[in-house]
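**Student:** with the input below, show me the fold.
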Amino acid sequence: MSVHLAEPVESPVIETDILIIGAGPSGLYGAYYAGFRGLRVTVMDVLPQCGGQISAMYPEKPIFDIAGFPSVRGRDLVDSLVAQAAPYDVRYLLGERAEDLTHDRDGHPLVRTDRGTVVRAGAVVITGGVGTFTPRPLPAGEGYLGRGQVYFVPDPADHTDHDVVVVGGGDSAFDWAALLAPIARSVTLVHRTARFRAHAASVEKVRALGIEIITDSEVSSLHGESGVERVEVRHRTDKTTRLLPARTVVAALGFLADLGPLQTWGLELQARRIAVDTRMATNLPRVFAAGDITDYPGKVRLISVGFGEAATAVNNAATVIDPEAALFPGHSTEKES
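**Tutor:** Numbers count the residues shown, from 1 in each chain. Purely as a prediction, here's the structure:
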C-alpha cells in the first residue's frame with residue numbers, strides 16, 4: 001500500500017469528518033447518511049450543480065427503477081436527495097475538481113482542488129460516477145452543434161413541433177425518442193445495427209408509440225443554412241440514402257469517461273473503476289468508494305445499488321473515524337425528526 005504524505009499546508013484548511021467526492025445520487029445519499037450519523041460532511045463536485053449525470057444529461061427524463069417510485073423525473077430525484085440531506089448542514093464545494101489526495105502525518109486524507117481549496121477529512125468517500133464525461137461526437141454533425149444538433153435534452157419543450165432525429169441504440173436514445181414523441185412533429189430513431197443496447201421494454205415502448213426506427217444505417221450528413229433542416233441517412237450495406245426533415249438531431253452515442261486526476265492517487269483500479277472490498281473500502285487508508293465508479297465481482301451499476309453502497313461506505317468510514325462507534329447506526333424511525 002503506497003500512501004503519499006502531504007507537504008505542509010499553508011492555505012486555510014476545511015476540516016470535516018467525511019468528504020464525499022461526487023454529488024450524484026450516491027454521493028447525495030451518502031451525505032444524508034453521514035449527517036444522520038452526526039458526522040460533519042462536505043460534498044465536492046467538478047460540476048456547478050448537484051446531481052451528476054442526471055442534472056447534466058437528463059434532468060427531465062423519468063427514471064423507473066428507484067424503489068418506491070413508479071416514476072420520478074431526474075430533476076425531482078436530485079431535489080429530493082438534496083432536501084433529505086439538508087437538515088444536516090452539508091457543506092457543498094461545487095465547481096471544484098479534486099486534484100490530489102495525500103495523507104497528513106496523522107493519517108488523515110488531505111484533498112486539494114483545482115481552485116486551491118484544501119479539505120482535511122476523517123475519511124473520504126469517492127462517488128464520482130464514471131468521472132468526467134464527454135459525449136461521443138456525431139461525425140456528420142460537425143458545424144451544427146448548437147444549431148440543431150444536441151447531445152442532451154435538458155428541456156424537452158425546446159423541441160416542441162420539431163422534426164426530430166435521434167441517433168443511437170442505447171437507453172438514452174430510446175428514452176429521449178419516447179420523451180419527445182408527444183410534443184414533436186415527428187421522431188425518427190436511427191441506429192447503425194438492428195441490435196440495441198437499450199432495455200427491451202424501452203424498445204417496445206418506442207415501437208408502441210409508432211416511432212419509425214431505421215436500422216443498419218448511419219447519419220451521413222446534415223444540411224441547412226442557419227441550422228439543421230434535413231438529415232441524410234445512408235444504409236450501411238447497400239449504400240442507398242434517404243433524406244429526412246429535421247430541426248433537431250439528438251446524438252445519443254454514449255460518452256467517453258475520464259477518471260482524471262484520481263488515476264494518480266495510488267488507488268487500485270480495475271478496468272478504469274476503483275476496486276473495493278465488502279466494506280466499500282479501497283486500498284488506501286480512510287478512503288472508500290461507492291456507486292458506478294466502483295468495481296467488484298458481481299457489480300451491478302444501478303442508482304439503487306449505489307444508494308446501498310453509499311450507506312455501507314459511510315457506516316464503515318464512521319467506525320474508522322471513531323473505532324468505538326457501532327457499525328450499525330440504528331433505524332431512522334428510532335430517531336426524533
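**Student:** where does the chain have low pLDDT?
**Tutor:** 1-11, 129-133, 335-337 (pLDDT under 70).
**Student:** most centrally placed residue in it?
**Tutor:** In the chain, the centroid-proximal residue (Cα atoms, centre = their mean) is residue 53; its distance is 3.2 Å.
**Student:** so it makes contact with residue 23?
**Tutor:** No: between residue 53 and residue 23 there is no contact under Cβ atoms under 8 Å: 10.8 Å. For every residue, glycine as well, the C-beta is placed using N, CA and C.
**Student:** if we can go back for a sec, give me the distance between the residue nearest to the centre of the chain and residue 25.
**Tutor:** To residue 25, residue 53 is 9 Å away according to Cβ to Cβ, to the nearest Å.
**Student:** also residue 275?
**Tutor:** 22 Å.
**Student:** and the residue nearest to the centre of the chain, what are its phi and psi?
**Tutor:** Backbone torsions of residue 53, given as degrees, to the nearest 10, read phi -60, psi -30.
**Student:** before we move on, what about residue 38?
**Tutor:** Taking degrees, to the nearest 10, you get phi 80, psi 20 for the backbone angles of residue 38.
**Student:** what's the neighbour count on it?
**Tutor:** Neighbour count of residue 38, defined by other Cβ atoms under 10 Å: 12.
**Student:** what's the answer for residue 194, then?
**Tutor:** So residue 194, with other Cβ under 10 Å, has 10 neighbours.
**Student:** once you drop chain neighbours, what's closest to it?
**Tutor:** residue 215 (4.2 Å; Cβ to Cβ, 6 or more residues apart in numbering).
**Student:** one more: residue 135?
**Tutor:** According to Cβ to Cβ, 6+ apart, the nearest residue to residue 135 is residue 151 (4.0 Å).
**Student:** what residues are up against that neighbour?
**Tutor:** Residue 151 makes contacts with 57, 135, 250, 251, 252, as judged by Cβ atoms under 8 Å, 6 or more residues apart in numbering.
**Student:** determine which two of those are furthest apart.
**Tutor:** Largest separation among those by Cβ to Cβ: 57 and 251, giving 12.3 Å.
**Student:** which one of those two has more residues nearby?
**Tutor:** Using other Cβ under 10 Å as the criterion, residue 57 and residue 251 rank with residue 251 on top: 24 against 20.
**Student:** so what's the residue count around the closest residue to that one other than its chain neighbours?
**Tutor:** Among residues not flanking residue 251 along the chain, residue 138 sits closest, at 3.8 Å (Cβ to Cβ, 6+ apart). Neighbour count for residue 138, taken as other Cβ under 10 Å: 22.
**Student:** check contacts around residue 138.
**Tutor:** 149, 167, 219, 249, 251, 253.
**Student:** distance between stretch 193-208 and the chain's centre?
**Tutor:** The chain centroid and the centroid of stretch 193-208 are separated by 22 Å under Cα atoms, centre = their mean, to the nearest Å.
**Student:** what comes up buried for that stretch?
**Tutor:** Using 16 or more other Cβ atoms under 10 Å as the test for burial, stretch 193-208 gives 196, 197, 198, 202, 203, 205, 206.
**Student:** residue 13: which of the residues you listed is nearest?
**Tutor:** Nearest member of these to residue 13, counting by Cβ to Cβ, is residue 197, at 44.8 Å.
**Student:** tell me how far the closest one lies from residue 261.
**Tutor:** 30 Å.
**Student:** do residue 20 as well
**Tutor:** In terms of Cβ to Cβ, residue 20 sits 17 Å off from residue 261.
**Student:** neighbour count winner among those two?
**Tutor:** Using other Cβ under 10 Å, the more surrounded residue of residue 20 and residue 261 is residue 20, with 36 against 17.
**Student:** quick check, the residue nearest to residue 194 in contact with residue 188.
**Tutor:** No: the pair residue 215 / residue 188 is not scored as a contact, 11.6 Å apart, by Cβ under 8 Å.
**Student:** the more surrounded of the two?
**Tutor:** residue 188 (21 against 15).
**Student:** end-to-end on stretch 17-34?
**Tutor:** End-to-end distance for stretch 17-34: 9 Å, by Cα to Cα, to the nearest Å.
**Student:** how far does it sit from the chain's center?
**Tutor:** With Cα atoms, centre = their mean, you get 13 Å for stretch 17-34.
**Student:** same check, this time on stretch 119-129
**Tutor:** Worked out by Cα atoms, centre = their mean, stretch 119-129 lies 17 Å from the chain centre.
**Student:** CA atoms of that stretch as PDB?
**Tutor:** Only the C-alpha atoms of stretch 119-129 are listed here, as PDB (Å, rounded to 0.1, in the frame of the first residue of the first chain):
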ATOM      1  CA  VAL A 119     -10.000  19.700   2.800                       C
ATOM      2  CA  ARG A 120      -8.800  17.500   5.700                       C
ATOM      3  CA  ALA A 121     -11.200  14.700   6.400                       C
ATOM      4  CA  GLY A 122     -11.600  11.800   8.800                       C
ATOM      5  CA  ALA A 123     -12.400   9.700   5.700                       C
ATOM      6  CA  VAL A 124     -13.100  10.200   2.000                       C
ATOM      7  CA  VAL A 125     -15.900   8.500   0.100                       C
ATOM      8  CA  ILE A 126     -15.500   8.700  -3.700                       C
ATOM      9  CA  THR A 127     -18.800   8.600  -5.600                       C
ATOM     10  CA  GLY A 128     -17.600  10.200  -8.800                       C
ATOM     11  CA  GLY A 129     -19.800   8.100 -11.200                       C
END
